[in-house]
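Asks: any chance you could fold what I've pasted below:
(chains A, B, C and D)
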There are 4 protein chains.
Amino acid sequence: MIKVGIIGATGYAGQEIVRILSNHPEAEVVWFGSRSYVDKKFSECFGNMYNIADDICKGEDMEALANSVDVIFTATPQGLCSKLVSEEILSKVKIVDLSADFRIKDVNRYEEWYQIKHESPDFIEEAVYGLCEVNREKVKNARLIANPGCFPTCSILSIYPLAKAGLIDMKSVIVDAKSGTSGAGRGAKVNNLFCEVNESIKAYGVTTHRHTPEIEDQLSYASGEEAVINFTPHLVPMNRGILATSYANLTKDISEEEIRALYEDCYKDEFFVRVLPAGVCPETRWVEGSNFVDVNVKKDARTGRVIMMGAIDNLVKGAAGQAVQNMNIMFGLEENMGLKITPMFP
Amino acid sequence: MIKVGIIGATGYAGQEIVRILSNHPEAEVVWFGSRSYVDKKFSECFGNMYNIADDICKGEDMEALANSVDVIFTATPQGLCSKLVSEEILSKVKIVDLSADFRIKDVNRYEEWYQIKHESPDFIEEAVYGLCEVNREKVKNARLIANPGCFPTCSILSIYPLAKAGLIDMKSVIVDAKSGTSGAGRGAKVNNLFCEVNESIKAYGVTTHRHTPEIEDQLSYASGEEAVINFTPHLVPMNRGILATSYANLTKDISEEEIRALYEDCYKDEFFVRVLPAGVCPETRWVEGSNFVDVNVKKDARTGRVIMMGAIDNLVKGAAGQAVQNMNIMFGLEENMGLKITPMFP
Amino acid sequence: MIKVGIIGATGYAGQEIVRILSNHPEAEVVWFGSRSYVDKKFSECFGNMYNIADDICKGEDMEALANSVDVIFTATPQGLCSKLVSEEILSKVKIVDLSADFRIKDVNRYEEWYQIKHESPDFIEEAVYGLCEVNREKVKNARLIANPGCFPTCSILSIYPLAKAGLIDMKSVIVDAKSGTSGAGRGAKVNNLFCEVNESIKAYGVTTHRHTPEIEDQLSYASGEEAVINFTPHLVPMNRGILATSYANLTKDISEEEIRALYEDCYKDEFFVRVLPAGVCPETRWVEGSNFVDVNVKKDARTGRVIMMGAIDNLVKGAAGQAVQNMNIMFGLEENMGLKITPMFP
Amino acid sequence: MIKVGIIGATGYAGQEIVRILSNHPEAEVVWFGSRSYVDKKFSECFGNMYNIADDICKGEDMEALANSVDVIFTATPQGLCSKLVSEEILSKVKIVDLSADFRIKDVNRYEEWYQIKHESPDFIEEAVYGLCEVNREKVKNARLIANPGCFPTCSILSIYPLAKAGLIDMKSVIVDAKSGTSGAGRGAKVNNLFCEVNESIKAYGVTTHRHTPEIEDQLSYASGEEAVINFTPHLVPMNRGILATSYANLTKDISEEEIRALYEDCYKDEFFVRVLPAGVCPETRWVEGSNFVDVNVKKDARTGRVIMMGAIDNLVKGAAGQAVQNMNIMFGLEENMGLKITPMFP
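Replies: A predicted model of the protein is given here:
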């Protein structure tokens, strides 16, 4: 039985790890870390966990934590994981970092977009970007996983096959993304109150959102060209879900059937990527609660563009589920163990 | 492996049975019955089921169905199950009827409230009212289960301990219930359009809702007195969930602690009933997607009344989950097999 | 032109006063008071007000305020208005207090339910409870209005005709109310975040909600008997609207037609009270944005009870609209001036 | 007093015309046309209209209608207005057509995108595209107005200043739009049920949506170049509101300040267009219920693109409000008469 510790267990992503692992046959959460709710029962913070996870939340004691568990998930704000990681810690436990600290290989680029000084740049090289469908082999032997961001997961996987095949202009890519509100976290902010979010939609972080360099880096690796993109996230009045609608100029005359065949081939062995039938657009409701990524493409002959669409549950494939997927790979378990969750509708 | 057939698989309750059984180790759906979508893939009706349940929907052929499966779930409008049930069918398969056809023992009372002629009154006596927490022993040997209604399940279980103990006036009970919109079904009706339901709440079926006699019957059995109640359902702009807030006059001076102790004792062996800590009110979000019933009580010394509260997921404990719970009991499986679902939040 | 000052202009109720008065021909807001947003433009706090109310928010300077305006609306937490009211202030301006400070005539009862010491009990006697449909004559000459609470407005007006006629047992009244989330205010609290409220319903303040004595007092005045009631509010995932479903035992055998005739007669001259056609239940969507109260009743011969239903927009008839209605009466204007707002749907 | 007839009064757009005109000092609805609800009271279809518009709905009798009113609004599906328009009708009344029949000047293009045969191509030339901010002078003398579509209104007005100034590549424009569900109409369709729309977002009509040629035509007129664009609408779980996020390549090096100055200058005399302060993104909640268009732009120096954003209420500026604005202009009234509606929040 893999012993799991979570730092930041009382945020939405942390709680989602608890939910997923509550049905995982080979792992159990033994450390519920929380800065805000120390000494409270976890189920007092999340009533769904009553009778399921009534453990007491613990504060920060890295040494005790590292000695108690096999793997640590850090579901915390940027900057925290880079502060606590060390050779000593990594010699004892594996870490899956759900923050952005180790996602960007160029530390200057990280510091510029995040406006934070990186506290442990020495570990950036070692860290593996845990987008399993792309980096599976590297994940197997990793000690430190940079779990991908929610928007990047959805954006990259829906663009990846065309980028890799060199069929789109990597300077023409525009990602227009839409997210449910759980992505904004559980902090008490006026902007995230029910009455402020409900019955409205808005763009935010236009041209400046910090997931931009992450998407660009991965698309650059995939295509072998420098990708420079526009990424615009929007806030949608729903709890969960991300939809990414991406546009790019085709660099070669290729039919929609050929493009779809490319996707089907690229993902034919992937349990979690569902290439939808021709003409069917991804919808976030169809992946809710699950680790699936639904993707599809549409070619527009009039404009010479391709529209690439993807849908995920931001808390699962965009955070907790992918973290567990990484854990499964790192510990040699079946990749989808505990993750064969049928999406819940309605 | 138990072979399962569903009549009405393409309604919300039917689909929920498919979702639940997709993670059940001892049962599998082999017959997806649907009047509206014959010859279509199930996953075309419910995109969440893509790659999970791509079976073709079948029309009505009771003989073929009865020969193919071990148990039939009828997730259909009132009147259908009573038409198809027969000694021959029941000699081959067990039936869990999610409609109201066999819930009311007095056929006149059924016909009066439902305004339908009952097509097979001979089977009413045999049918077992499948509220497992109350009728577990009878369920074990049943061939025909009347799966309880969503509102009754929530109302009865939140009132049951006090009714059984004879501590409330059974003529004073008022159940004010609130339901998510999936309870209204997947039929194309103007009243259930997004823009009609969203941002509003209303009562409906005031004094005439057909779940009234079902609640009254069960509370009468529990208390040994004739219960005559007011039941008022309300439509809430959310997908899932029922909250029942019930009021009754106490017939004896008893403290809130004593009442809560009564509940805890009554449900101490019940996996699916969670008696919440003192002062904590049930909320539908904490049971979403699960088979739990969260209950609690509050005494009002000023008025001499007790307020009894319960929350369920109407599609799970209020329909599909309870149906599977009944199946598990009937087939001698662990009662919570496939049903240890952690509620999903947010 | 009546000059209006608002203390607490940047809460939801305060902002709603601004919205309503922006179309009022005889009044204009000249003082936007706000503790949290001093020196900010009002339209920075509420983007809908851009180009409409770009005034700068002001802090607390009661003397300057009293010298600048004809009427002050206090849309503030309990305890603030009772601190600032004085003979000097009232000699200069009229006050409409949207808090509860002057609603309860018995100061001990106020202090017990609100757990606050009342700072100016001498003015309680003078204050007029501004439920215009009941106290219109007293409002005309008032200097200090206790603007009714949102739940009490809806509850009282839907029960009033039967209470006044002495046809219901005033100890049997149960009010089960449901409110949109704007009633919880604009404070940054985890419990009011989108993801916490959305897709859920819960009761709160069960047996202890502070609107209980206010409803009891007014129903006692109406009936001439002591009313002791149960009042249970619920939080609904919608922005606006209150629905009250109330139950009481009839003390006389009277038909539904007679009861409805009583309501129609009682409210025949009331612009804002709409007694709906027989059999039509109030729905909050039909009053959204307006000052209307939709009411109807249903008799249950089986139980001997009457179900009384009412719907309002909590921010309009339950707060800002009723405050403006009171202002209109106090200043001798047409009572519905600026308030002939057609409800907005969907 | 202008007498108004509405064909299609019982759809969402038709009802919104009734709502707006209920507060218009110079116009009144005297003919409530409805195919589905003939002989029913209008307020039976829309409970908000109780005591406000209790008129009986009438069927199709063009002659009687044309003799009864000064202006007809056709809030009907495509193809109906082109069937009924004639020289005789237009000699008696003005027509504001809310459908697409007269929006596209090239009849072949119309028939190709809409897959409908146009029934009165002779009137296409005369019809004025009623985007008041662009075509005000032509509207003044028009007999037949093609009221713009909801997506086109929002898209065009947020791109117009840059298109007109020749600063963007008209072949690079991508419009990613998001709409509330009232845009889908009041028809009873499974896809528009509450549980199907709630908690989800999807794209639809990708590369084929019929508002594409309308946007292209108007942007071509504005820029003097042929615009060929991608337009992708998305369905958002909210009642009202459209947000358009548009992308284009800048053809000249120009600063964000200069671009914003261009917008401010272009719209400086426009009551209904609000150019937001620098850095503030439009949000649909800030225009709800009003005829405003909130716009803003953001330049991305990294990619050489400009992001143009606009928000409207699809039922007001996107339909009924703009129709009334056109009526006001045609009848020589103040353009914003009855339309000075402060947006309602929350």
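Asks: would you map the strands across the stretch 101-250 of chain A?
Replies: Counting by DSSP state E, counting those that start in this stretch, the stretch 101-250 of chain A has strands at residues A:128-129, A:144-146, A:174-179, A:202-203, A:230-235, A:242-249.
Asks: any chance of those strands in TSV with mean neighbour count, distance to C:Tyr221 and mean pLDDT as columns?
Replies: To be clear about C-beta, it is placed using only N, CA and C from the backbone, and glycine gets the same treatment. As requested, the strands of the stretch 101-250 of chain A are exported to TSV (neighbours: other C-beta atoms under 10 Å in any protein chain shown; distance: least, C-beta to C-beta, whole Å; pLDDT from 0 to 100):
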stretch	mean neighbour count	distance to C:Tyr221	mean pLDDT
strand A:128-129	22	70	98
strand A:144-146	26	67	98
strand A:174-179	27	52	98
strand A:202-203	25	47	98
strand A:230-235	24	47	98
strand A:242-249	26	55	98
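Asks: redo the ones you listed as CSV? Include distance to C:Met62.
Replies: Formatted as CSV, those follow (distance: least, C-beta to C-beta, whole Å):
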stretch, distance to C:Met62
strand A:128-129, 60
strand A:144-146, 56
strand A:174-179, 45
strand A:202-203, 38
strand A:230-235, 39
strand A:242-249, 50
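Asks: what about A:Ile259, distance to A:Cys266?
Replies: Separation of A:Ile259 from A:Cys266 (C-beta to C-beta, to the nearest Å) stands at 11 Å.
Asks: ok, the two, which is more surrounded?
Replies: Legend: neighbour count by other C-beta atoms under 10 Å in any protein chain shown for A:Ile259 and A:Cys266, higher for A:Ile259 (22 against 19).
Asks: list the contacts of the more buried one.
Replies: By C-beta atoms under 8 Å, 6 or more residues apart in numbering or on different chains, the contact list for A:Ile259 reads A:Leu162, A:Leu167, A:Val297, A:Lys299, A:Val306.
Asks: next, the fourth one: secondary structure please.
Replies: Read it as A:Lys299. For A:Lys299, the secondary structure call by DSSP: H, G, I helix; E, B strand; the rest coil comes out as strand.
Asks: contact distance from chain B - what residues of the stretch 1-150 of chain A qualify?
Replies: The stretch 1-150 of chain A has residues A:Tyr12, A:Gln15, A:Arg19, A:Ser22, A:Asn23, A:Phe46, A:Gly47, A:Asn48, A:Met49, A:Tyr50, A:Asn51, A:Ile52 near chain B, with proximity defined as C-beta under 8 Å from any C-beta of the partner chain.
Asks: among those residues, which ones are buried?
Replies: A:Tyr12, A:Gln15, A:Arg19, A:Ser22, A:Phe46, A:Gly47, A:Asn48, A:Met49, A:Tyr50, A:Ile52 (16 or more other C-beta atoms under 10 Å in any protein chain shown).
Asks: in strands only, show me those residues.
Replies: Of these, none are assigned to strands by DSSP state E.
Asks: among those, which one lies nearest to chain D?
Replies: Of all those, chain D sits closest to A:Tyr12, with 15.3 Å by C-beta to the nearest C-beta.
Asks: quick check: that closest one touching A:Leu315?
Replies: Yes. The pair A:Tyr12 / A:Leu315 is scored as a contact, 6.0 Å apart, by C-beta atoms under 8 Å.
Asks: shared neighbours of these two, which are they?
Replies: Joint contacts of A:Tyr12 and A:Leu315 (C-beta under 8 Å, 6+ apart) are A:Ser182.
Asks: re earlier: pipe the buried ones among the residues of the stretch 1-150 of chain A next to chain B into JSON lines and attach pLDDT per row.
Replies: Shown next, in JSON lines, are those (pLDDT from 0 to 100):
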{"residue": "A:Tyr12", "pLDDT": "98"}
{"residue": "A:Gln15", "pLDDT": "98"}
{"residue": "A:Arg19", "pLDDT": "98"}
{"residue": "A:Ser22", "pLDDT": "98"}
{"residue": "A:Phe46", "pLDDT": "98"}
{"residue": "A:Gly47", "pLDDT": "98"}
{"residue": "A:Asn48", "pLDDT": "98"}
{"residue": "A:Met49", "pLDDT": "98"}
{"residue": "A:Tyr50", "pLDDT": "98"}
{"residue": "A:Ile52", "pLDDT": "98"}
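Asks: quickly note the distance from A:Arg240 to chain C.
Replies: To chain C, A:Arg240 is 9 Å away according to C-beta to the nearest C-beta, to the nearest Å.
Asks: what's that residue in contact with, if anything?
Replies: By C-beta under 8 Å, 6+ apart, A:Arg240 lies in contact with A:Gly180, A:Ser182, A:Thr284, A:Glu288, A:Gly289, A:Asp313, A:Asn314, A:Leu315, B:Pro346, D:Glu199.
Asks: which residue lies closest in space to the last one, excluding its sequence neighbours?
Replies: Which is D:Glu199. With C-beta to C-beta, 6 or more residues apart in numbering or on different chains as the criterion, D:Glu199 has its nearest non-adjacent residue at 4.7 Å, and that residue is A:Met238.
Asks: may I have the phi/psi pair for the one you found?
Replies: phi -150, psi 160 (degrees, to the nearest 10).
Asks: quick check, it in contact with A:Gly180.
Replies: Yes. Between A:Met238 and A:Gly180 there is a contact under C-beta under 8 Å: 4.4 Å.
Asks: for chain C, what are the nearby residues on the stretch 51-200 of chain A?
Replies: With C-beta under 8 Å from any C-beta as the criterion, the stretch 51-200 of chain A meets chain C at residues A:181-182, A:186, A:188-190, A:192-199.
Asks: make sure A:Glu111 is actually in contact with A:Pro121.
Replies: No. The pair A:Glu111 / A:Pro121 is not scored as a contact, 9.3 Å apart, by C-beta under 8 Å.
Asks: okay, and the common contacts of A:Met238 and A:Gly180?
Replies: By C-beta under 8 Å, 6+ apart, the residues touching both A:Met238 and A:Gly180 are A:Thr284, D:Glu199.
Asks: for A:Leu243, which residues are in contact?
Replies: In this structure, A:Leu243 makes contact with A:154, A:177-178, A:282-284, A:309-311, D:201-203, D:234, judged by C-beta under 8 Å, 6+ apart.
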